[in-house]
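Asker: dropping a prediction and its sequence here:
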Amino acid sequence: MKGDFPSLDLHPSLFQYHHSQLIPFTPSKMSQEDLISFNRVTIVGPGLLGASIAMSLKKKGIAREIWVWLRNEQKKELCEQSDWCDRALIDLQDAVRNSDLVILCTPVELILNQLTQVSGWLKRQLN
């Protein structure tokens, strides 16, 4: 049974040394903004789930900019009028290009196809 689960490669920054032992890093004294922050997050499909995520990211200061992709021009105007949306786009490639994080919040049957499309347009990070 043990071999049924994939091994996880955890980044060393998730651990800290304490008395010569490696223990999980618990960032109790760090703010949320110090832990995770993105210049631009794109929400693909700002419906109930997508809009809720976007509002939380904006409220907590985790994302400097929130961009959304949607198919409907009328909903585009509504999103642009909201305080959590910085930019709403109809073109998927334009919406995700140069984003630090893309969150797919569309119906399940569309996600695999969108993931395939989006993966070719994402910003490449060099470590």
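Answerer: Here it is on my side, so go on. Residues are numbered from 1 along each chain as shown.
Asker: can you confirm residue 65 is in a helix?
Answerer: No - assignment of residue 65 by DSSP: H, G, I helix; E, B strand; the rest coil gives strand, placing it outside any helix.
Asker: that one and residue 40, how far apart?
Answerer: For residue 65, the distance to residue 40 equals 4 Å [CB to CB, to the nearest Å]. For glycine as for every other residue, the C-beta is placed from the backbone atoms N, C-alpha and C.
Asker: of these two, who's got more company?
Answerer: Neighbours per residue (other CB atoms under 10 Å) separate residue 65 from residue 40, with residue 40 holding more: 19 against 16.
Asker: ok, that one touching residue 103?
Answerer: No - the pair residue 40 / residue 103 is not scored as a contact, 11.7 Å apart, by CB atoms under 8 Å.
Asker: now do the shared contacts for the two.
Answerer: With contacts defined as CB atoms under 8 Å, 6 or more residues apart in numbering, no residue is adjacent to both residue 40 and residue 103.
Asker: please name the nearest non-neighbouring residue to residue 59.
Answerer: Counting by CB to CB, 6 or more residues apart in numbering, residue 59 lies nearest to residue 84, which is 7.7 Å off, once chain neighbours are set aside.
Asker: the one you found against residue 51, yeah?
Answerer: Yes - the pair residue 84 / residue 51 is scored as a contact, 7.3 Å apart, by CB under 8 Å.
Asker: backbone phi and psi for residue 90, please?
Answerer: phi -90, psi -30 (degrees, to the nearest 10).
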